[in-house]
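Chemist: A structural model of the following input is requested.
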Amino acid sequence: MDKLRVLQAQLHHMRDVIERTRNDAEQRELYLREELVQARNRIAELEQQNQELSGGVSEATRPLLRQIQLLQVQIRERRETEVSTREQIERQLVQAEAAVAEANEARARLAEEITRLRARVHELESATHSFISECEGLRKEKAAAEEALSEFRARCAQLEDVATKASAEWTRKLTALETDADRKQKAFECTLEGLQRERDEARQQLEQRERELSRIGDLLGASASATASVSPAPIQSPANECANTVEAREELMSSGAAANEPAMAHEESLLTSPFPNPILWTQMQSLLRRRANQMRTLQAELTEREASIANLTQEISMLTERLDADAVHRRQLEERIGQMEEREQALLELLGEREERLQELNNDIADMKAIYREQLQELVDQLEEARTATQTSTLSRP
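Modeler: All right, here's what the predicted structure looks like:
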């Protein structure tokens, strides 16, 4: 800007110099015209005097006439020299005016080019500032994304640890439940087999007691004395044996497991038939009901265990889905970070291109200023030549 102001000041100074030179040339032209008019008047007077004296001039005045003729020739030559000098000055003035016009046009073009370049520089500066702001925003977004990714990775690691621990715990619990269920199932099968054997033995004993009672009834019908001697002991012995059998069954079923409700219902329906001994029948029904209640309890516990296993399986599937969703989100974040890095690289390349373009524009401005200085220097040289020619013509004037 300072150089431009200096150039503008120099241009104004050159214009003033050209204007002063033009005024001086006009004044010299007027002075030369006045001198020309005076010389013409003097020549006319001399010619008139020559004509007046030509008639009465003698042979003695011939040398004077020759001097007068020489003076006239010199005056004519000087007049021609003045005309040629004036024409040369006019041509130089025209050339100077043309050079000034060209300089003005070049200055106008240079001013337009400088204005355009300034606008372009301002535009590039605005674009650079916006680009820098965008880069700062991208850096902040990248830092936030990296921080979110770090938090997400830490969270994923925690979830993976929790999932691993939960999976190990659930596997252990599931294995324990399966082992317990297998053990109880085997115990239940053993108990069921024992109950079936006991039921068969009880049926055989009952059939045997029925046959014995039938024989005893036949004997009672034969003689009354046989009835009095036989009736208490045979009846009491089967009852004691049945009681001992029930106690043995209770000791055998103390380790029972889960049972099958349809099978127990079938056994209870089998035992609802008429039974000759009420005490044994009552004890058997009580024992079977207790065993049925135990099997229902075991079945309910097994159902609860199965429900717990199902809940744990559902939680494992939910955690697996959550881990999959987190992995997808992580891949999306990584892709977004990659896109942001690519965009940042492209913006950096664009910034480099804009800086190169700005450097080229600055070089163009410097070249235009150098050209403008050369044109001004040429104009100054031409004005100096015109001034020198004017001074030379002025000095050569008599």
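Chemist: for the residue nearest to the spatial centre of the chain, what are its contacts?
Modeler: Among the residues of the chain, residue 340 comes closest to the average C-alpha position under Cα atoms, centre = their mean, at 3.9 Å. By Cβ atoms under 8 Å, 6 or more residues apart in numbering, the contact list for residue 340 reads 138, 141-142, 145. Just so you know, the C-beta spots here come from the backbone N, C-alpha and C atoms, and that holds for glycine as well.
Chemist: would you mind checking these for buried ones?
Modeler: Buried members of the contacts of residue 340, counted by 16 or more other Cβ atoms under 10 Å: 138, 142, 145.
Chemist: could you dump those residues to CSV with pLDDT and distance to residue 46?
Modeler: What follows is those, written out as CSV (pLDDT from 0 to 100; distance: Cβ to Cβ, whole Å):
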residue, pLDDT, distance to residue 46
138, 74, 98
142, 74, 103
145, 72, 108
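Chemist: mind checking the longest helix of the chain?
Modeler: For the chain, the helix with the greatest residue count under DSSP state H is helix 62-222.
Chemist: who's in contact with stretch 128-138?
Modeler: Contacts of stretch 128-138 (Cβ under 8 Å, 6+ apart): 340, 343-344, 347-348, 350-351, 354-355.
Chemist: how many neighbours does residue 319 have?
Modeler: 16 (other Cβ atoms under 10 Å).
Chemist: these two touch, right, it and residue 158?
Modeler: No - judged on Cβ atoms under 8 Å, residue 319 makes no contact with residue 158 at a distance of 11.9 Å.
Chemist: low-confidence bits of the stretch 201-350 of the chain, can you list those?
Modeler: 217, 220-278, 280 (pLDDT under 70).
Chemist: which residues in it form helices?
Modeler: Ranges of helices in the stretch 201-350 of the chain, per DSSP state H, counting those that start in this stretch, are 224-230, 232-252, 261-271, 278-396.
Chemist: residue 314: which of the contacts of residue 340 is nearest?
Modeler: residue 145 (33.6 Å; Cβ to Cβ).
Chemist: just put the contacts of stretch 128-138 in a markdown table and tack on distance to residue 77.
Modeler: A markdown table is the format used below for these (distance: Cβ to Cβ, whole Å):
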| residue | distance to residue 77 |
| --- | --- |
| 340 | 91 |
| 343 | 86 |
| 344 | 86 |
| 347 | 81 |
| 348 | 80 |
| 350 | 76 |
| 351 | 75 |
| 354 | 71 |
| 355 | 70 |
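Chemist: which two of the residues you listed have the greatest separation?
Modeler: 340 and 355, at 22.2 Å, using Cβ to Cβ across the contacts of stretch 128-138.
Chemist: ok, residue 365 - contacts?
Modeler: 114, 117.
Chemist: now the one 3 residues further on
Modeler: Counting by Cβ under 8 Å, 6+ apart, residue 368 makes contact with 110, 113-114.
Chemist: repeat that for 6 Å
Modeler: Contact analysis of residue 368 by Cβ atoms under 6 Å, 6 or more residues apart in numbering lists 110, 113.
Chemist: how much space between it and residue 333?
Modeler: 51 Å (Cβ to Cβ, to the nearest Å).
Chemist: can you check what angle separates the longest helix of the chain from helix 278-396?
Modeler: For helix 62-222 against helix 278-396, the angle by axes from the mean of the first three to the mean of the last three Cα atoms, to 10 degrees is 180 degrees.
Chemist: how distant is helix 62-222 from the center of its chain?
Modeler: Centroid separation for helix 62-222 versus its chain: 2 Å, with Cα atoms, centre = their mean, to the nearest Å.
Chemist: 890 is where my numbering starts, stick with that
Modeler: I'll keep to 890 as the first residue from here, and by that count the last item is helix 951-1111.
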